[in-house]
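Trainee: Pasting the sequence and the predicted coordinates here, then a few questions.
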Amino acid sequence: MSFTRRTFLAGAGTGVSVLVLTACTVDAEPSPTPTPTRTATGVVPVPRATARSNWGADSFARGSTSYMTVGSTLEHREALRVPVDDRVFFAGEATSTDNPGTVVGAQRSGNLAAAALADAGDSSEKVAIIGAGAAGSEAARVLTLRGYSVSVIEARSRVGGRIHSVSGKAWPFPIELGAFRLSPLRDADVLDALGRLDVATVSLDSAEDGTVYRSATGESATDPVSPAALATALDWAQSQSRDQSVDSSLTASGAEQTVIGATAGELDGPGLLAQHLAYLATVYGADGADLSSWYTADSVDTPTVVTGGFSEIVSDSLEGVETYLSTTVVGVSYTDERVSLRLGTGESLTVDRVLVTVPLGVLQDDSIEFDPLLPFSHRTAIASLAMGTVDTVWLRFDEPFWTTDAVVWNLVGTDDEVTTWYNLEPVTGEAILVGVVGGEAAERVQLLDDDELVDRLLTTLAPFAG
């Protein structure tokens with residue numbers, strides 16, 4: 001099947017959701033961090049509770065989401081999902097051509113892979129699924145309904161992969177250290193499923209005030225210039241014979257020049273464009289210097305936020321399915337008759353067919369050894385696609401210290417790493433801020449310990465304080 005660039009953009013350009021799955025390696029995963037003990041700094045009080053993710057440093061994921069870099073194509077995603085000898089199957093957001101990098105893309109890939117596996121075999125066979133994230137759990141659900149004996153093997157001590165819900169006394173509702181933003185249009189099926197499970201969600205569109213842009217001095221404005229500049233650059237790129245990065249397209253198209261000298265109140269055009277690209281990095285996990293102009297959408301809609309335990313959608317699909325936690329797969333050997341899985345414990349498991357749902361970053365890291373090597377087309381796809389990082393930090397305060405009721409905050413013209421924030425107070429009644437960071441800024445944040453990060457964030461948030 002072939003997809004055009006614009007077909008891809010139509011699917012990928014509506015909304016945001018951070019990716020989900022799981023890998024099969026052995027290091028630590030993101031977890032809540034204790035609230036540092038210190039006194040208030042400046043005008044921003046110390047948060048009552050904090051939690052952060054760190055997906056780039058997590059060997060179960062090696063990043064948050066795959067993205068299209070210059071030179072990668074939709075055919076690479078298609079090649080990655082082609083079964084090998086009808087024994088080794090692949091699923092996950094990296095194999096999705098219409099919704100990569102999303103929960104719905106992962107789920108649908110699991111559904112498609114399960115159908116392909118079922119068509120190749122029969123229900124008397126034994127099947128192993130590597131990974132208990134969105135793709136793996138959906139595939140397990142489908143295959144179980146079709147009568148297959150399914151074993152799900154998960155490296156983590158929990159299910160969900162990069163859907164990671166955390167509950168505790170410090171938080172008034174389950175918080176999400178992975179996927180938590182959903183598009184009302186694109187993710188309608190996921191939202192319907194969450195509704196059936198009584199998992200709470202809130203639409204940021206329900207707030208009276210939407211998005212605010214604010215400088216370090218506290219000046220606020222809207223942004224009429226950077227969305228138009230990016231749209232111009234990406235439209236121009238579509239007519240070029242060769243793909244190039246978003247940053248290059250902004251320059252070569254002349255779109256970047258249009259923001260120079262432009263202002264919105266006290267905010268200048270270049271600063272607004274820089275923040276617009278920083279926000280884009282929280283969607284794709286990469287900066288404009290790395291993103292393909294052919295496969296990057298110029299806008300995203302205001303998301304719906306999950307506040308009731310996103311991981312329930314995975315747990316529900318795995319109900320009654322044999323699932324092994326804290327079990328890594330380090331090798332997959334296959335013939336035209338069977339598949340042997342080598343576990344991290346040194347043991348092995350023989351099955352008729354296997355479905356691999358680990359993230360692209362784990363495949364790129366060679367955490368699983370394939371014998372024989374995967375076909376050249378698969379190896380080319382793995383090398384050509386890219387893995388990006390999006391991280392979140394949750395802060396809960398005793399009471400709001402901020403002076404705006406806007407639910408989406410953008411900090412303009414600063415050197416701060418975390419410049420995109422979600423204010424959940426207007427839609428939940430709780431004084432909770434969620435910072436989101438992607439690309440190189442996420443890599444810099446990754447190097448900070450918990451105290452250093454909180455100290456920086458107190459300074460970052462000062463322009464929003466009264």
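Mentor: It's in. Residues are numbered from 1 along each chain as shown.

Trainee: State the three-state secondary structure for the closest residue to Asp371 other than its chain neighbours.
Mentor: Once flanking residues are discounted, Asp371 sits nearest to Ser333: 4.3 Å by CB to CB, 6 or more residues apart in numbering. C-beta here means a position set from N, CA and C on the backbone, and glycine is covered the same way. At Ser333 the chain is in strand, as set by DSSP: H, G, I helix; E, B strand; the rest coil.

Trainee: Could you report the separation of Ser333 from Thr217?
Mentor: 62 Å (CB to CB, to the nearest Å).

Trainee: Next: Leu185.
Mentor: Applying CB to CB, the value for Leu185 to Thr217 is 37 Å.

Trainee: care to break the protein down by domain?
Mentor: 26-61+172-307+388-464, 65-162+309-383 (automatic domain parsing).

Trainee: roughly how far is the shortest one from the heart of the chain?
Mentor: Per CA atoms, centre = their mean, to the nearest Å, the displacement of domain 65-162+309-383 from the mean C-alpha position of its chain is 18 Å.

Trainee: tell me the mean pLDDT for it?
Mentor: Domain 65-162+309-383 carries an average pLDDT of 97.

Trainee: From the opening residue of it to its closing one, how far?
Mentor: Taking CA to CA, to the nearest Å, domain 65-162+309-383 runs 15 Å from one end to the other.

Trainee: Can you report how many residues lie near the nearest residue to Ser293 once chain neighbours are set aside?
Mentor: Setting aside the residues directly before and after it, Ser293 is nearest to Ala237 in space (CB to CB, 6+ apart), at 3.5 Å. Neighbourhood size, Ala237 [other CB atoms under 10 Å]: 25.

Trainee: now the one 5 residues further on
Mentor: As a burial measure, Arg242 scores 9 neighbours (other CB under 10 Å).

Trainee: Specify the local secondary structure of it.
Mentor: coil.

Trainee: Do I have it right that Val437 meets Tyr279?
Mentor: No: Val437 is beyond contact range of Tyr279, at 10.1 Å (criterion: CB atoms under 8 Å).

Trainee: Now do the helices in the stretch 251-400 of the chain.
Mentor: Applying DSSP state H, counting those that start in this stretch to the stretch 251-400 of the chain gives helices spanning 255-259, 269-284, 312-317, 360-364, 376-384.

Trainee: what about the second one, average pLDDT?
Mentor: The average of the pLDDT scores along helix 269-284 is 96.

Trainee: Kindly export it (C-alpha atoms) in CSV.
Mentor: What follows is helix 269-284, C-alpha atoms only, in CSV (Å, rounded to 0.1, in the frame of the first residue of the first chain):
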residue,chain,number,x,y,z
GLY,A,269,8.4,37.5,16.1
PRO,A,270,11.7,35.4,16.3
GLY,A,271,11.0,34.6,19.9
LEU,A,272,7.4,33.5,19.1
LEU,A,273,8.7,31.3,16.3
ALA,A,274,11.3,29.8,18.5
GLN,A,275,8.6,28.9,21.1
HIS,A,276,6.3,27.5,18.4
LEU,A,277,9.1,25.2,17.3
ALA,A,278,9.7,24.2,21.0
TYR,A,279,6.0,23.3,21.3
LEU,A,280,6.3,21.3,18.1
ALA,A,281,9.2,19.4,19.7
THR,A,282,6.9,18.4,22.5
VAL,A,283,4.7,16.6,19.9
TYR,A,284,7.4,15.0,17.7
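
Trainee: quick one on the thing from earlier: out of the helices of the stretch 251-400 of the chain, deepest packed?
Mentor: Stretch with highest mean neighbour count among those: helix 360-364 (a mean of 25; mean count of other CB atoms under 10 Å).

Trainee: which non-adjacent residue is nearest Thr211?
Mentor: Using CB to CB, 6+ apart and skipping residues adjacent in sequence, the residue nearest Thr211 is Val408, 4.2 Å away.

Trainee: what about the one you found, neighbour count?
Mentor: Neighbours of Val408 (other CB under 10 Å): 18.

Trainee: Now for it: which residues touch it?
Mentor: By CB atoms under 8 Å, 6 or more residues apart in numbering, Val408 lies in contact with 204, 210-212, 302, 420-423.

Trainee: Let me have the residues you listed in CSV, adding secondary structure as columns.
Mentor: Formatted as CSV, those follow (three-state DSSP):
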residue, secondary structure
Leu204, helix
Gly210, coil
Thr211, strand
Val212, strand
Thr302, coil
Thr420, strand
Trp421, strand
Tyr422, strand
Asn423, strand
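
Trainee: Quick check on those residues: which are buried?
Mentor: For the contacts of Val408, a neighbour count by 16 or more other CB atoms under 10 Å gives the buried set as 204, 212, 302, 420-423.

Trainee: Can you tell me which of these is closest to Ser167?
Mentor: Lowest distance from Ser167 to those (CB to CB) belongs to Tyr422, with 19.2 Å.

Trainee: Next one, pLDDT for the nearest residue to the closest one once chain neighbours are set aside please.
Mentor: Nearest non-adjacent residue to Tyr422, counting by CB to CB, 6+ apart: Val434, 4.4 Å away. Reading off the confidence values, Val434 has pLDDT 98.

Trainee: can you map out the helices along the stretch 1-150 of the chain?
Mentor: Using DSSP H, counting those that start in this stretch, helices in the stretch 1-150 of the chain cover 5-12, 74-80, 103-120, 134-145.

Trainee: Specify the stretch among these that is closest to Ser245.
Mentor: helix 5-12 (15.2 Å).

Trainee: sorry, back to before: which is the next helix or strand following the helix or strand containing the residue nearest to Tyr422?
Mentor: Using DSSP states H and E, Val434 maps to strand 432-438. Toward the C-terminus, strand 432-438 is succeeded by helix 440-446 as the next helix or strand (DSSP H and E).
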